[in-house]
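1. this one's sequence-less:
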């Protein structure tokens with residue numbers, strides 16, 4: 001089944017929901033026109049359709065092969081990557097001073113969706129390179145920038161992020177990889193890192209690892225972590241490659257999905273120490289890493305969005321072609337495509353509505369990032385707070401939605417969906433990692449509740465709720481039958497979001513942290529449903545005002561009347577669910593034997 005890139009849906013979301021035109025006006029980006037954006041999307045869509053989608057299934061079948069300490073990617077991947085960087089796609093939002101195009105982050109998010117829809121395993125490598133470019137640009141010395149950024153921006157080299165260790169997991173404070181200072185100002189790195197995406201491969205001639213480690217005399221916990229740049233091959237003063245560094249891939253993980261994306265165990269310092277260079281200051285590594293991590297978290301949300309869009313498109317195509325059963329009220333001899341059955345329609349519309357809401361949230365987050373950099377100086381902090389607030393929602397809501405959508409895609413295919421040949425199962429296998437890596441979705445919920453709600457003394461979340469309330473109220477005031485109950489349902493959802501937000505703020509202020517944590521995950525889900533539904537209504541209002549594209553009105557109505565009412569149960573879980581959770585955990589989960 002050929003892939004049809006959702007370029008029209010992306011363009012509408014950019015312009016009418018995420019307010020790309022307002023961003024370009026506010027930031028003075030006079031060189032970026034609507035026609036230019038349309039051209040970029042069209043070309044990216046063609047590349048995703050013609051280059052990435054055709055290698056996706058074969059990459060999943062072949063996977064990657066470890067030969068000694070070298071990794072061979074699937075057939076055709078190296079050639080496809082070369083065409084991708086020749087097209088200039090690696091540097092879409094990278095700084096112009098290092099060879100990038102310096103386009104807004106939201107445009108990069110849009111093309112990233114297309115790469116991930118075409119092949120998420122392919123897109124995973126460049127995602128990390130983009131994060132490394134940002135970290136080095138913000139934190140590295142001028143010498144390191146000049147030596148590494150041009151080739152990273154061009155895509156001639158790729159980069160990795162090395163955090164996780166066997167004993168540490170998500171607890172970065174427990175990492176033990178050590179860095180010993182050498183006489184020449186460099187460092188020698190010793191340790192093991194696991195789950196390193198694209199830690200070794202054959203797509204580029206060099207791989208630049210950004211590694212978290214601690215100095216022997218560093219303070220314990222996260223306060224003692226530093227970041228180091230450790231290249232696979234050392235780089236001479238003239239930019240040419242020198243000898244192999246003391247870093248190697250010791251193993252490839254066998255995974256549920258993302259088979260064509262090598263997940264490596266990396267060993268540093270088997271033969272005297274891997275040579276590394278400090279990025280930023282000693283014991284300040286988390287600041288640099290979180291520059292990379294925050295970009296990665298939004299991009300993982302985009303990964304989920306891309307896979308969701310492709311799973312929906314494949315399921316819809318199948319449902320239009322598969323003949324089975326008869327439509328309601330038809331004669332017994334009449335058969336129809338399964339897309340005419342109401343249950344199949346409901347599954348497909350759930351898939352489409354969740355995809356559209358995820359796209360609206362993710363692109364709105366990307367626009368907030370852009371405004372934090374490009375808006376008038378006095379407005380930038382407000383936008384930075386909004387970007388921080390939306391990032392965990394964009395990551396968690398979109399990736400949870402992706403697993404749901406991919407699972408529904410299998411359901412639409414029926415028994416054929418459980419068979420690998422149809423391709424539907426791969427999307428679920430690939431998507432299942434998204435709620436786990438770059439900070440599990442439980443960690444995103446904790447971050448939202450314990451850190452992000454407190455931004456600007458709570459004003460950041462209140463401003464967002466006020467903005468969304470205006471949209472919901474405007475939808476409620478529309479006197480059109482085709483809007484149905486869209487407005488009233490969203491007004492109610494926003495009231496529930498405000499109530500849950502107030503409860504969590506009061507619980508934290510009163511020191512009832514356990515109550516707040518018990519409600520964190522349902523709160524993030526509530527936040528995503530209320531925000532996503534209201535943003536879809538924003539698109540519906542824009543479509544109605546323009547007198548066209550009624551499909552957006554019907555989609556917003558479907559979301560509001562079929563998905564948003566889940567918020568009624570979620571607000572109950574947030575505000576009153578801790579007692580039941582604690583009692584059930586005591587009775588069924590916690591082994592208190594032998595404790596006083």
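-> That came in fine, so what should we check first? Computed from a prediction, not measured in an experiment: that's the story for all the values here.
2. for the rest of this, base every contact and every neighbour count on C-alpha atoms.
-> Will do.
3. contacting residues around whatever helix or strand residue 426 lives in?
-> Residue 426 belongs to helix 424-431 when assigned by DSSP states H and E. If you take Cα atoms under 8 Å, 6 or more residues apart in numbering as the criterion, helix 424-431 is touched by 60, 120, 256-258, 304, 307-308, 311, 314-315, 399, 402-403, 406-407, 409-410, 413, 417-420.
4. stretch 536-554 now?
-> 13, 16-17, 356-357, 360, 471-472, 475, 482-483, 486-487, 555-557.
5. could I get the average pLDDT for it?
-> For stretch 536-554, mean pLDDT rounds to 92.
6. centre of the chain to stretch 179-196, how far?
-> Relative to the chain's own centre, stretch 179-196 is displaced by 29 Å; criterion: Cα atoms, centre = their mean, to the nearest Å.
7. in stretch 159-166, what's buried?
-> Within stretch 159-166, the residues that count as buried by 16 or more other Cα atoms under 10 Å are 159-165.
8. tell me which stretches of the stretch 151-300 of the chain form helices.
-> 285-321 (DSSP state H, counting those that start in this stretch).
9. cool, the stretch 451-596 of the chain as well?
-> Under DSSP H, counting those that start in this stretch, the stretch 451-596 of the chain gives helices at 459-476, 486-509, 513-518, 520-546, 551-562, 566-576, 578-588.
10. how about TSV for these, with mean neighbour count and distance to residue 275 added?
-> Shown next, in TSV, are the helices of the stretch 451-596 of the chain (neighbours: other Cα atoms under 10 Å; distance: least, Cα to Cα, whole Å):
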stretch	mean neighbour count	distance to residue 275
helix 459-476	18	43
helix 486-509	21	45
helix 513-518	19	42
helix 520-546	25	42
helix 551-562	22	53
helix 566-576	19	49
helix 578-588	12	48
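11. any low-confidence regions in the protein?
-> 1, 592-596 (pLDDT under 70).
12. from the buried residues of stretch 159-166, which land in strands?
-> Counting by DSSP state E, these place 159-162 in strands.
13. report all helices and strands that the helix or strand following the helix holding residue 426 contacts.
-> Moving toward the C-terminus from helix 424-431, the next helix or strand (DSSP H and E) is helix 441-450. Packed against helix 441-450 by the contact rule (3 or more Cα pairs under 8 Å, 6 or more residues apart in numbering; DSSP states H and E) you find helix 380-413, helix 513-518, helix 520-546.
14. give me that answer again for 10 Å
-> helix 380-413, helix 486-509, helix 513-518, helix 520-546 (3 or more Cα pairs under 10 Å, 6 or more residues apart in numbering; DSSP states H and E).
15. can you give me how far the helix holding residue 426 is from the chain middle?
-> On the basis of Cα atoms, centre = their mean, helix 424-431 sits 16 Å off its chain's mean C-alpha point.
16. do the same with stretch 469-481
-> 31 Å.
17. please apply the same query to stretch 388-407.
-> Averaging C-alpha positions (Cα atoms, centre = their mean) puts stretch 388-407 8 Å from its chain's average.
18. tell me how this protein divides into domains.
-> In terms of domains, the chain is parsed into 158-286, 442-588 (source: automatic domain parsing).
19. export the ones you listed to TSV and tack on distance to residue 128?
-> Shown next, in TSV, are the domains of the chain (distance: least, Cα to Cα, whole Å):
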stretch	distance to residue 128
domain 158-286	6
domain 442-588	19
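20. in contact with residue 279, which residues are there?
-> By Cα atoms under 10 Å, 6 or more residues apart in numbering, residue 279 lies in contact with 135-136, 138-141, 144, 210-211, 226-229, 285, 288-289.
21. bridged to it, which residues?
-> Beta bridges link residue 279 to residue 227, judged by DSSP bridges.
22. what angle separates the helix holding residue 426 from helix 380-413?
-> Between helix 424-431 and helix 380-413, the angle comes out at 150 degrees (axes from the mean of the first three to the mean of the last three Cα atoms, to 10 degrees).
23. go through this structure and flag its longest strand.
-> strand 187-197.
24. partners of that strand in the sheet?
-> Checking strand 187-197 against DSSP bridges gives partners strand 178-181 (antiparallel), strand 263-268 (antiparallel), strand 274-279 (antiparallel).
25. so which of the ones you listed comes closest to residue 322?
-> Residue 322 lies closest to strand 263-268 among these, at 37.0 Å (Cα to Cα).
26. for the closest one, the distance to its chain's centre please.
-> With Cα atoms, centre = their mean, you get 23 Å for strand 263-268.
27. so what touches it?
-> 64, 66, 69, 71, 162, 164-166, 177-178, 188-201, 211, 230, 245-255, 274-275.
28. the same query, at a cut-off of 7 Å, please.
-> For strand 263-268, the surrounding residues in contact (Cα atoms under 7 Å, 6 or more residues apart in numbering) are 189-200, 246-253, 274.
29. now the buried members of these.
-> Counted by 16+ other Cα under 10 Å, the contacts of strand 263-268 give 189-200, 246-252, 274 as buried.
30. which strand or helix spans the nearest residue to residue 76 once chain neighbours are set aside?
-> Once flanking residues are discounted, residue 76 sits nearest to residue 55: 7.2 Å by Cα to Cα, 6 or more residues apart in numbering. Element membership of residue 55 [criterion: DSSP H and E] is helix 53-62.
31. okay, now the sheet partners of the next helix-or-strand element following that helix, with direction.
-> Following helix 53-62 in sequence order, the next helix or strand is strand 65-67 (DSSP H and E). Next to strand 65-67 in the sheet, as set by DSSP bridges, lie strand 70-72 (antiparallel).
32. list the buried ones in the partner strand?
-> 71-72.
33. cool, and stretch 62-81?
-> Of the residues in stretch 62-81, 63-66, 71-74, 77-78, 80-81 count as buried by neighbour count, 16+ other Cα under 10 Å.
34. as JSON lines, those residues with distance to residue 573 would be great.
-> Formatted as JSON lines, the buried residues of stretch 62-81 follow (distance: Cα to Cα, whole Å):
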{"residue": "63", "distance to residue 573": "42"}
{"residue": "64", "distance to residue 573": "43"}
{"residue": "65", "distance to residue 573": "46"}
{"residue": "66", "distance to residue 573": "47"}
{"residue": "71", "distance to residue 573": "47"}
{"residue": "72", "distance to residue 573": "48"}
{"residue": "73", "distance to residue 573": "46"}
{"residue": "74", "distance to residue 573": "46"}
{"residue": "77", "distance to residue 573": "46"}
{"residue": "78", "distance to residue 573": "49"}
{"residue": "80", "distance to residue 573": "48"}
{"residue": "81", "distance to residue 573": "46"}
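35. out of the residues you listed, which two sit at the greatest distance?
-> The two members of those with the most space between them (Cα to Cα) are 66 and 80, at 20.3 Å.
36. check the gap between residue 385 and residue 369 for me.
-> Residue 385 is 9 Å from residue 369, where distance means Cα to Cα, to the nearest Å.
37. would you turn the ones in strands among the buried residues of stretch 159-166 into JSON lines with distance to residue 376?
-> Shown next, in JSON lines, are these (distance: Cα to Cα, whole Å):
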{"residue": "159", "distance to residue 376": "33"}
{"residue": "160", "distance to residue 376": "34"}
{"residue": "161", "distance to residue 376": "33"}
{"residue": "162", "distance to residue 376": "36"}
